[in-house]
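Asks: Take this sequence and fold it.
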Amino acid sequence: MSNPTPEPEKKAVPPPETDVEGGQSVAVSARSSGFGVGSVLRRWKRDDYLRKGSLSLRAFGLFFSLLSFIIMASNNHGDWREFDKYEEYRYVLAIAILSTIYTGVQTYKQVHQLSTGNELLAFKNSALIDFVGDQ
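Replies: Residues are numbered from 1 along each chain as shown. Model prediction:
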């Protein structure tokens, strides 16, 4: 019988440093592909900025609608300038009241959602209320 010769040890081949097809390094290619932890973290950060930015815009809207309501309600000049006598003025005042209430509720809803992480209403109902209220 012949003596079997031992097979040479197989060494692991290291992964290539560059992408053969793209010519970029493998690390750069993995980061820029849009997949992985980095892209998820960037999306979460962007969504957080959008929520906070939306809240700040709602707060500005509440401030200006409240300001318009206060200005319209305190508009007293006397004599023939009494705007309470005009139906148009009462209509504008009612719209200012409604816009202040609607914006206040929307701001409260968003503050509640950001602070607790829970929605006050189901998404479908909330979207319908937003649509109707924005009309």
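Asks: Which secondary structure state is assigned to Asn75?
Replies: At Asn75 the chain is in coil, as set by DSSP: H, G, I helix; E, B strand; the rest coil.
Asks: tell me the contacts of Arg46?
Replies: Listed by CB atoms under 8 Å, 6 or more residues apart in numbering, Arg46 has no contact partners. In short, each C-beta sits where N, CA and C put it, glycine included.
Asks: do you know how far it is from Val40?
Replies: Taken as CB to CB, to the nearest Å, the spacing of Arg46 relative to Val40 amounts to 11 Å.
Asks: okay, and the common contacts of the two?
Replies: Between them, Arg46 and Val40 share no contacting residue under CB under 8 Å, 6+ apart.
Asks: By mean pLDDT, point me to the weakest helix or strand of this structure.
Replies: The helix or strand of the chain with the lowest confidence, counting by mean pLDDT, DSSP states H and E, is helix 26-32 at a mean of 49.
Asks: pLDDT below threshold where in this protein?
Replies: Applying pLDDT under 70 to the chain flags the ranges 1-35, 77-82, 84.
Asks: could you pull out the helices for it?
Replies: Assigned helices in the chain, in chain order: 26-32, 37-73, 87-116, 123-134 (criterion: DSSP state H).
Asks: Could you figure out how far the third one is turned away from helix 123-134?
Replies: Pointing back at helix 87-116 there. 150 degrees (axes from the mean of the first three to the mean of the last three CA atoms, to 10 degrees).
Asks: which parts of helix 87-116 are buried?
Replies: Within helix 87-116, the residues that qualify as buried by neighbour count (16 or more other CB atoms under 10 Å) are Leu93, Ala96, Ser99, Thr100, Tyr102, Thr103, Gln106, Thr107, Lys109, Gln110.
Asks: elements contacting that helix?
Replies: With contacts taken as 3 or more CB pairs under 8 Å, 6 or more residues apart in numbering; DSSP states H and E, helix 87-116 sits against helix 37-73, helix 123-134.
Asks: who wins for proximity to Phe83 among these?
Replies: Nearest to Phe83 among the helices and strands packed on helix 87-116 is helix 37-73; the distance by CB to CB comes to 8.4 Å.
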